[in-house]
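1. Output the structure for:
(4 chains)
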Protein chains: 2
Amino acid sequence: MPSRRHVIADDLRHQITSGHFKAGERLPSEAQLATRYTVSTATLRSALALLQGEGLVEKIHGSGNFVRRPLRKITYTGGGGAQSTWTAFSTPLRMTARTTNIEAPSHLTALLNVPPRSPLTEVLFTSHEGKTPHSLAHIYVPHDLAPSTPPLGEQIAVNPADLRPPLSEVQERVSARLPTQEEATTLRISPSLAVLSVTRVSTDAAGRVVEAALLVLPGDRADALFTTRFVTDERSSKE
Amino acid sequence: MPSRRHVIADDLRHQITSGHFKAGERLPSEAQLATRYTVSTATLRSALALLQGEGLVEKIHGSGNFVRRPLRKITYTGGGGAQSTWTAFSTPLRMTARTTNIEAPSHLTALLNVPPRSPLTEVLFTSHEGKTPHSLAHIYVPHDLAPSTPPLGEQIAVNPADLRPPLSEVQERVSARLPTQEEATTLRISPSLAVLSVTRVSTDAAGRVVEAALLVLPGDRADALFTTRFVTDERSSKE
DNA sequence: GAGTGGTCTAGACCACGAG
DNA sequence: TCGTGGTCTAGACCACTCA
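-> Modelled structure (predicted):
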């Protein structure tokens, strides 16, 4: 049984995908739409909430509902061996980085395998496409391993594969969840739009954790790709 | 500025995590809770919606709101080299499988690299812990490669690593999104609880796609783990 | 200040579940 | 049948944005 909000959401979705409402454009106000569909504002808002969860609409308090600009999909390449953590794009992403020295908070000591309040270098990365934020990364490196020259915008920070004593292992834990309020604000996404969260821990040959990275990617415009190749000898070496 | 629904959600969350409301228990009816907190039912429901998105509460139409039983977290191990797609658990998971022969629908031909309407064997897997569904998997295998003895409940179906001509590559694409209505129903999760979606494509040495698997895991009780080890010789061979 | 979305109310009626 | 959650209304008032 189709509820009104679904019917309205379907109609609006069609008008958006068919180009009747263009990318970046402001939709009519909720009051106008409610009148047009002869529903109450509450019902209309719940229809918009559906589209918001799909990443089609962005609500901006005080100014309106906007058709979300469909951004280039980004793919995070796992395995730690890529040239850069972010794959290359035809349109280069603009990156901003902020480096801080902190003392390891409790939730990081286990991850980095360091004593509490060890000195760390934290790098906060944000990638943008145009004006829209695209992804978020917190990277933590033990202070004595941090590069003296802070990395610039070309690639995402610490790139352990090339710069460092050889890594022995990169472990990436991927999960799906809703964004925290802070993440939703920074990424300018709906609190109801799922994000992909990647926790990457890189270990060197000595077993020391060289880097921990916490990445947050909006679910509608990013995914992660992991490729495993097998040795095609008779010894199918793995593990 | 804390809204009422957040205050209520915080309070209920605390009562759940502190054990005042126990796992599996039914909460007071929405009308009762609304009275207790002196808010309208709409406000109370929006508070419950927050908890639902966190996976703390399960709503069952017609019978009540229940504290969701915190299930064992499952970890999907990537890389295709694990003994079974699902790692072992102290409490074994119950698996149910349903095998069907179908003709490749359009959205699969590209994935499997086969002509339209090729014969495929589809295996639909559901894992359960107790009575609660835990994960969902659609596995597609070209019909002539399908094992004659349908796989049983111990491990997830087609396990290419051991049974088959050696694989050359396993590619896993991971994304985060909200569940479809069907997935939400099957997994008995809230439509607002993010799921982790894994598309795994296994290729053999001849470049033929041997298996495609579409996995859906509830975000609050599953994550995926990818481990990459590097050769610790002087030749840091990768790529 | 005018217009927008955000929160909330106090109801009504419908659909589902279990006894 | 009865109690539950699901949908919806027609407002009110508040908070934010922008000219």
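
2. So which residues of chain A form strands?
-> Counting by DSSP state E, chain A has these strands, from start to end: A:57-60, A:64-67, A:74-77, A:94-103, A:119-129, A:132-142, A:167-177, A:195-204, A:209-218, A:222-229.

3. Can you report how many residues lie near A:Glu129?
-> A:Glu129 sits with 18 neighbouring residues when counted by other CB atoms under 10 Å in any protein chain shown. For the C-beta atoms, the positions are set from N, CA and C on the backbone; glycine is no exception.

4. Isn't it up against A:Arg94?
-> Yes - if you go by CB atoms under 8 Å, A:Glu129 and A:Arg94 touch, sitting 7.4 Å apart.

5. returning to that earlier point: if you average pLDDT over each of the strands of chain A, which comes out lowest?
-> Comparing those by mean pLDDT, the weakest confidence falls on strand A:94-103, with a mean of 80.

6. so what strands line up beside it?
-> Strand A:94-103 has its sheet partners listed here by DSSP bridges as strand A:119-129 (antiparallel).

7. So which bits of the partner strand are buried?
-> A:Leu120, A:Thr121, A:Glu122, A:Val123, A:Phe125, A:Thr126, A:Ser127, A:Glu129 (16 or more other CB atoms under 10 Å in any protein chain shown).

8. What's opposite the closest residue to the fourth one other than its chain neighbours in the beta bridge?
-> With CB to CB, 6 or more residues apart in numbering or on different chains as the criterion, A:Val123 has its nearest non-adjacent residue at 4.4 Å, and that residue is A:Ile139. Per DSSP bridges, residues listed as beta-bridge partners of A:Ile139: A:Val123, A:Ala213.

9. Distance check, A:Ile139 against B:Thr100.
-> Taking CB to CB, to the nearest Å as the measure, A:Ile139 falls 46 Å from B:Thr100.

10. can you check A:Thr38 too?
-> 45 Å.

11. do A:Pro115 as well
-> 56 Å.

12. same deal with A:Leu193?
-> The value you get for A:Leu193 to B:Thr100, if CB to CB is used, is 34 Å.

13. neighbour-wise, which of those two wins?
-> Under the criterion of other CB under 10 Å, the comparison of A:Leu193 against B:Thr100 puts A:Leu193 first, with 25 against 9.

14. Quick check: that one touching A:Leu56?
-> No - the pair A:Leu193 / A:Leu56 is not scored as a contact, 9.9 Å apart, by CB under 8 Å.

15. before we move on, the earlier item: turn the strands of chain A into CSV, including distance to A:Gln32.
-> Shown next, in CSV, are these (distance: least, CB to CB, whole Å):
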stretch, distance to A:Gln32
strand A:57-60, 15
strand A:64-67, 11
strand A:74-77, 35
strand A:94-103, 36
strand A:119-129, 31
strand A:132-142, 26
strand A:167-177, 35
strand A:195-204, 32
strand A:209-218, 29
strand A:222-229, 33
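
16. so what's the residue minimising distance to the centre of chain A bridging to?
-> Centroid check for chain A by CA atoms, centre = their mean gives A:Leu217 as the closest residue, at 1.3 Å. Beta bridges link A:Leu217 to A:Leu196, judged by DSSP bridges.

17. Tell me if I'm right that it and A:Ala194 touch.
-> No - applying CB under 8 Å, one finds A:Leu217 not in contact with A:Ala194, separated by 10.0 Å.

18. Overlap of the contact sets of the two?
-> B:Ala176 (CB atoms under 8 Å, 6 or more residues apart in numbering or on different chains).

19. how does chain A divide up, domain by domain?
-> A:4-67, A:74-225 (automatic domain parsing).

20. Now for A:Ala212: which residues touch it?
-> A:Ala212 neighbours (CB under 8 Å, 6+ apart): A:Leu108, A:Leu111, A:Leu112, A:Ile139, A:Tyr140, A:Val141, A:Thr199, A:Arg200, A:Val201, A:Ser202.

21. check those residues against DNA strand D, which are close?
-> Near DNA strand D, judged by CB under 7 Å from any atom of the strand, there are no entries from these.

22. out of these, which one sits closest to DNA strand C?
-> Within the contacts of A:Ala212, proximity to DNA strand C (CB to the nearest atom of the strand) peaks at A:Thr199, which comes in at 29.8 Å.

23. what's the burial count for the closest one?
-> By other CB under 10 Å, neighbour count at A:Thr199 equals 17.

24. Is it in contact with A:Ala213, as I believe?
-> Yes - A:Thr199 is within contact range of A:Ala213, at 7.3 Å (criterion: CB under 8 Å).

25. quick one on the thing from earlier: which of the domains of chain A sits most buried?
-> Neighbour counts (mean count of other CB atoms under 10 Å in any protein chain shown) averaged over each of these peak at domain A:74-225, with a mean of 18.

26. Could you see whether DNA strand C lies near that domain?
-> No - for domain A:74-225, no contact with DNA strand C is found by CB under 7 Å from any atom of the strand; the gap never falls below 9.2 Å.

27. list the contacts for A:His134?
-> Here A:His134 is in contact with A:Leu71, A:Ile74, A:Leu93, A:Thr126, A:Ser127, A:His128, A:Leu187, A:Pro218, A:Arg221, A:Ala222 (CB under 8 Å, 6+ apart).

28. Let me know the closest of those residues to DNA strand D.
-> Distances from DNA strand D to the contacts of A:His134, taken by CB to the nearest atom of the strand, are shortest for A:Leu187, at 15.9 Å.

29. Hmm, the closest one is touching A:Leu136, no?
-> Yes - using CB under 8 Å, A:Leu187 is in contact with A:Leu136, at 6.1 Å.

30. Just read off the phi/psi values of A:Ser63.
-> Per-residue torsions, A:Ser63: phi -130, psi -20 (degrees, to the nearest 10).

31. Tell me how far the closest residue to it other than its chain neighbours lies from A:Asp11.
-> Take A:Ser63 and drop its neighbours on the chain: the residue closest to it by CB to CB, 6+ apart is A:Arg26, 7.7 Å away. Distance of A:Arg26 to A:Asp11, computed by CB to CB: 18 Å.

32. Could you do A:Ala97 as well?
-> 43 Å.

33. do the same with A:Thr99
-> With CB to CB as the criterion, A:Thr99 and A:Asp11 are 48 Å apart.

34. A:Val170 is in contact with A:Ser202, correct?
-> Yes - assessed by CB under 8 Å, A:Ser202 is found in contact with A:Val170 at 5.0 Å.

35. Pull the contacting residues for the nearest residue to A:Leu44 once chain neighbours are set aside.
-> Nearest non-adjacent residue to A:Leu44, counting by CB to CB, 6+ apart: A:Ala34, 4.2 Å away. Taking CB under 8 Å, 6+ apart, we find A:Ala34 in contact with A:Ser40, A:Thr41, A:Thr43, A:Leu44.

36. Which of those sits closest to B:Leu50?
-> When these are compared for distance to B:Leu50 (CB to CB), A:Thr43 wins out at 20.2 Å.

37. so who does that closest one touch?
-> A:Arg4, A:Arg5, A:Ile8, A:Ala34.

38. now with 10 Å?
-> Going by CB atoms under 10 Å, 6 or more residues apart in numbering or on different chains, A:Thr43 touches A:Ser3, A:Arg4, A:Arg5, A:Ile8, A:Ala34, A:Tyr37.
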